[in-house]
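1. curious how this folds, go ahead:
(2 chains)
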Number of protein chains: 2
Amino acid sequence: MDNTKMYKSLGIDLDAHDTLMGALPELFKECFLNKEQDLKGLSYFYSVVADIHGARVKELIEHKNKGPVIGSFCIYVPEEIILAACGQLVGLCAGADFWVPYGEQIVPKNLCPLIKAGIGAKYSRTCPYFQVVDLLIGENTCDGKKKAWEIFSDMVEMYVMDMPNKKSELGLKLWQEEVKNLCNFLEKKFSKSISFDSLLDAIQKVNAKRSALNRLYETRKNSPTPISGIDALLVTQIGFYDDIERYTKMVNALAQECEEKVLSNFKNNGRKRILVTGSPMVVPNWKIHHVIETSGADVVVEENCTGTRYFKDNVSIENASSKGDLLKNISDRYINNINCACFSPNRGREEDILKLCKDYKCDGIVYVSLSFCTTYMVEAERIRKVAKENSIPMMTVESDYSFSDLGQLRTRIEAFIENL
Amino acid sequence: MDNTKMYKSLGIDLDAHDTLMGALPELFKECFLNKEQDLKGLSYFYSVVADIHGARVKELIEHKNKGPVIGSFCIYVPEEIILAACGQLVGLCAGADFWVPYGEQIVPKNLCPLIKAGIGAKYSRTCPYFQVVDLLIGENTCDGKKKAWEIFSDMVEMYVMDMPNKKSELGLKLWQEEVKNLCNFLEKKFSKSISFDSLLDAIQKVNAKRSALNRLYETRKNSPTPISGIDALLVTQIGFYDDIERYTKMVNALAQECEEKVLSNFKNNGRKRILVTGSPMVVPNWKIHHVIETSGADVVVEENCTGTRYFKDNVSIENASSKGDLLKNISDRYINNINCACFSPNRGREEDILKLCKDYKCDGIVYVSLSFCTTYMVEAERIRKVAKENSIPMMTVESDYSFSDLGQLRTRIEAFIENL
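-> Residues are numbered from 1 along each chain as shown, chains lettered A, B, ... in the order given. Model (predicted):
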C-alpha cells in the first residue's frame, strides 16, 4: 500500500505529518550530506532515514500478524524478552522540536524536551511508530518519565517497569522481579509462551547486535577515526527501531569497511578527539555532534544511552540451564552494567568515562544535558571533579531541540576545542 | 552561652548569618504581625520563630550529650526510629531565597529552590541546624534530592533510604527492608539499642503530635475557620524541628482555644475557602498563603508535606507484640498513607484532595508547584482533570522563593478568588 493509505489506517494527522516530514530532508542534508564521507556501508543507514516513516513502518504493520509491536523510551527495557515473545521493540519518536509545542499543551514547559516531544508525538498523531504499537513499556528512571507514563496511559496501553534508585542488594532484587514480571505479563497478554530456547535465541540476537556495534566503535579508537561521530551516532540511533538481523548484518559490514580503512595508509588529521557524555540523543537530534565536528574536532565516542551504554556488555549465556537462569542473567546485565544518572550514587559512570577517555585517546569531554534533565545536570558536578582530577578538559552544555542556541553553542564549542 | 559564641562553635559564617537574619523580622511582621489575630496560643509559635536560630539550637547542642541530632528533608524519614535511638530529628533549612545563590554555585539554576536552598544553607554555613546535625538522612523521592545527596555527602555525613517509585508489592517490601535497615544502622552507628519499649514509646509520642495537629486542623473545617491558614501553616512548619513533647502540648492548647472560639458566637465572614496543594512549604516560605489571605480568601487546609500529609494517619500499635511488628507498622503507615507525587501512579492523592475539599467545604483549589518540581508540575494535569470532573475550580501556580513574582501572583490569585 502507499504511505498515505497506510498513514490513514494508522490515524495519522496527514497535514501535520507533512509539515513534520518537510523539515527533515534539509536538516539531514545539512548534517550528513554536506560533509565529506567515503564509507559505502553508510548508504544503507542513510536510506533508512530517507524513508524513516515508510518501509520500516510497513514491516511493523506486517509483523502484527505474527506478534506484538512494543514501544519504549529507554535502554532498560530488555529487548530480549520482547523478541522472545515474538515481539518487535521500537524506540519511540522523541527527538524533534516539532513535537515539543504539542507536548507543552499537556505538560509544563519546564520539562525535558525528550519527554515533551514524546508526549507531543503521540498527542499530535504524527508518529507512525507510536500509532503502530500495541503496547508502550515505560520504566521509572527519571521523574519526568515516571510521571509521563500517567499522561501516556490516557492515550496508549502502558506497562511500567519499576526501577530501584540505588543499586543495593534490595534494589537488584526488585529489578530481578520486575524482569520476571515483564516476562509473565507479555506471555499472558499476547498468549505467547517464552521458552528457554526462544529466550536463548533472542539473547543471541541482541548480543550479536551489541557485538556488531562494539566492533564498529572499536575502530573509532584509531587516529583518525575512520567514521565521523555523527555517522556513528546515526548508526546507533537506527539500532533502536530497525529489524535486528538486517541491522546487525549492516553494522558488521560497515565495521569491516572501517577496519579496512584503518589498515590502509590514511594519515592522522590532527583533529582533537572528543568524548560526548550525558543525556540520550534520539533521531533527529544531531545538533551537538554537528557543531563539534564542523568546529574542527571529532566525536570519537558517546558515553550515553544512544552510545556505549546501549551495547557495551552482552547478556551471559554461560552456565544457564533454565529460563530462570537466563532471566537472571538479563536482569544482571541491565542493572549492573548500565550506569544511568537515575541511580544514586552512580560511581560506575565516572569509571566508564575515564576508561573511555583513555581507550579512545580523548582530548576533552563535552558533557551534554538536555534542558531540565535534572539527573544529568546535577551529576555534571561530580563528573567535572573527576575530569579535573584526571586533567581532562570538560565543558558542559545544556540544550534542547530548538536551533535558537546554535550560534552561542558554536562559539562556546569552538573556544573549547581551540584551547584543548 | 550567648548566640555568637554558639555560632562560632558551630562554624557559622557570622557575617553572612547576620545578613540572613536581618531580613526575617520584616518578613515575619508583614506576614504575621500586620494581620488581625486573637489566639493567645499562637504567641508560643511566634516566639519560636522570633528566636529561630537561638533557644532550640542550644537545646539540640545540649541533647548531643544524650544522643544524636539527625537532619532530614522529607516526611518519609520515620521520626519514631530516630526518637527510639535517643535522637532528635530536625527538618533542615531550605525555605529562604537567601540560600539559593549559594546553592547555584554547585547545582544548576534549573533545579527546585528547596534543593538549591538546602545545599546553599549547608555550603554557606549560615544554618545552625545544619551545623549541629550528626547525620543527614536522605530519601530517594525525587530526582533533585536523589542527586543532591551525592553533593551533600561531600559536606556532611549522609545515610540514604531508597524508595520504590511504585506502591507495588515489591515496592512495599523494599521500603519495609529500608525501614528495618535504618533501625539497624542507627543502633550500630550511635551504639543505642532500640527495644520494643523504646520504639513503642517513640511511636506514641509521634502519634500524639499527629493527633494534636489533626485536632487543630479539625477546627479549620468550621466556617469561618478559627485560625488563619498562614498561622496554621506556621504551626505545622515548627513541628519539624521543635521538641516533640513541648510542641504537642502547645498545639493541643491552641486547638482547644480554637475549639472554644468555634463554640462562641462568631459569624461566618463570607470569605471563600481554599485548599492549597502541591510542593512542600518550609520556613520561611509563607508567600502563597500570604497572598491568598490578603486577597480576601482563607486557606483552610493544605494537602502537602507541610500540611495533612505530615500527620493525617497514626502508626498502629494494635496487635504489635514485637519490635518487628512495630517496624512493620511504621513502614506501612509511611508508604501506604503518604501520597507523594514521587509515586507513579498516585491515585491516592486524587482521593485525598477530593475528600479534603468536601470535609473542609472548599470553594477552590490553589495548586502550588515549586519551580522545576517535576513530579508536582506534571501531576497537576491529572488533578486538574479530577477537579474539573468534580466541578471544583482550580488554579495552578509555579513559583520559587523570590518576591519578584508577587505582583503577578496577586493579580492572578485575586482574579481566581473573585470568580469563585
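2. can you name the next helix or strand after the longest helix seen in chain A?
-> Ranked by residue count under DSSP state H, the longest helix found in chain A is helix A:196-219. Next in sequence after helix A:196-219, counting helices and strands by DSSP states H and E, comes helix A:229-238.
3. give me the helices and strands touching that next one, please.
-> helix A:42-50, helix A:196-219, helix A:244-263, helix A:287-293, strand A:297-303 (3 or more CB pairs under 8 Å, 6 or more residues apart in numbering or on different chains; DSSP states H and E). For the C-beta atoms, the positions are set from N, CA and C on the backbone; glycine is no exception.
4. the stretch 1-150 of chain A: helices as residue ranges?
-> A:3-9, A:14-28, A:42-50, A:55-63, A:79-84, A:100-103, A:113-123, A:128-132, A:143-152 (DSSP state H, counting those that start in this stretch).
5. for the first one, output the C-alpha coordinates as PDB.
-> This means helix A:3-9. Provided in PDB are the C-alpha atoms of helix A:3-9 (Å, rounded to 0.1, in the frame of the first residue of the first chain):
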ATOM      1  CA  ASN A   3       2.200   5.600   2.500                       C
ATOM      2  CA  THR A   4      -0.900   7.900   2.600                       C
ATOM      3  CA  LYS A   5      -3.200   4.900   2.800                       C
ATOM      4  CA  MET A   6      -1.000   3.400   5.500                       C
ATOM      5  CA  TYR A   7      -1.000   6.700   7.400                       C
ATOM      6  CA  LYS A   8      -4.700   7.000   7.200                       C
ATOM      7  CA  SER A   9      -5.100   3.400   8.500                       C
END
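6. and that helix, what's buried?
-> A:3, A:6-7 (16 or more other CB atoms under 10 Å in any protein chain shown).
7. what do you get for the longest one?
-> Of the residues in helix A:14-28, A:17, A:20, A:24, A:28 count as buried by neighbour count, 16+ other CB under 10 Å.
8. number of nearby residues for A:K388?
-> The burial count assigned to A:K388 is 11, neighbours taken as other CB atoms under 10 Å in any protein chain shown.
9. got a list of what it touches?
-> By CB atoms under 8 Å, 6 or more residues apart in numbering or on different chains, the contact list for A:K388 reads A:M394.
10. coming back round to it: for the longest helix of chain A, packing partners?
-> helix A:79-84, helix A:229-238, helix A:244-263, helix A:308-311, helix A:323-337.
11. doesn't A:V397 fall inside a strand?
-> Yes: if the criterion is DSSP: H, G, I helix; E, B strand; the rest coil, then A:V397 is within a strand.
12. give me the number of residues near it?
-> Neighbours around A:V397, by other CB under 10 Å: 22.
13. now the residue nearest to it when sequence neighbours are not counted: how far from chain B?
-> Nearest residue to A:V397 in three dimensions, chain neighbours excluded: A:V368, at 4.9 Å (CB to CB, 6 or more residues apart in numbering or on different chains). Distance, A:V368 to chain B, by CB to the nearest CB, to the nearest Å: 13 Å.
14. let's verify A:V368: helix, strand, or coil?
-> strand.
15. next, count neighbours for A:D38.
-> 10.
16. same thing with A:K358?
-> Neighbours of A:K358 (other CB under 10 Å): 11.
17. can you check A:S223 too?
-> 16.
18. can you report how many residues neighbour the nearest residue to it once chain neighbours are set aside?
-> In this structure, A:S223 finds its nearest non-sequential neighbour in A:N268, 5.1 Å apart by CB to CB, 6+ apart. For A:N268, the count of nearby residues is 8 (other CB under 10 Å).
19. with A:E414 instead?
-> Neighbour tally, A:E414, other CB under 10 Å: 16.
20. can you check A:D359 too?
-> 15.
21. so who does it touch?
-> Contacts of A:D359 (CB under 8 Å, 6+ apart): A:221, A:301.
22. and it, what pLDDT?
-> A:D359 carries a pLDDT value of 98.
23. likewise for the one 10 residues further on?
-> pLDDT, A:S369: 97.
24. wait, isn't it in contact with A:S279?
-> Yes: with contact taken as CB atoms under 8 Å, A:S369 and A:S279 are classed as touching, separated by 5.3 Å.
25. please enumerate the shared neighbours of the two.
-> Joint contacts of A:S369 and A:S279 (CB under 8 Å, 6+ apart) are A:Y376.
26. mind listing what the closest residue to A:D162 other than its chain neighbours touches?
-> Among residues not flanking A:D162 along the chain, B:K166 sits closest, at 4.3 Å (CB to CB, 6+ apart). Shown in contact with B:K166 (CB under 8 Å, 6+ apart): A:140, A:160, A:162, B:343-344.
27. perfect, I'm done here.
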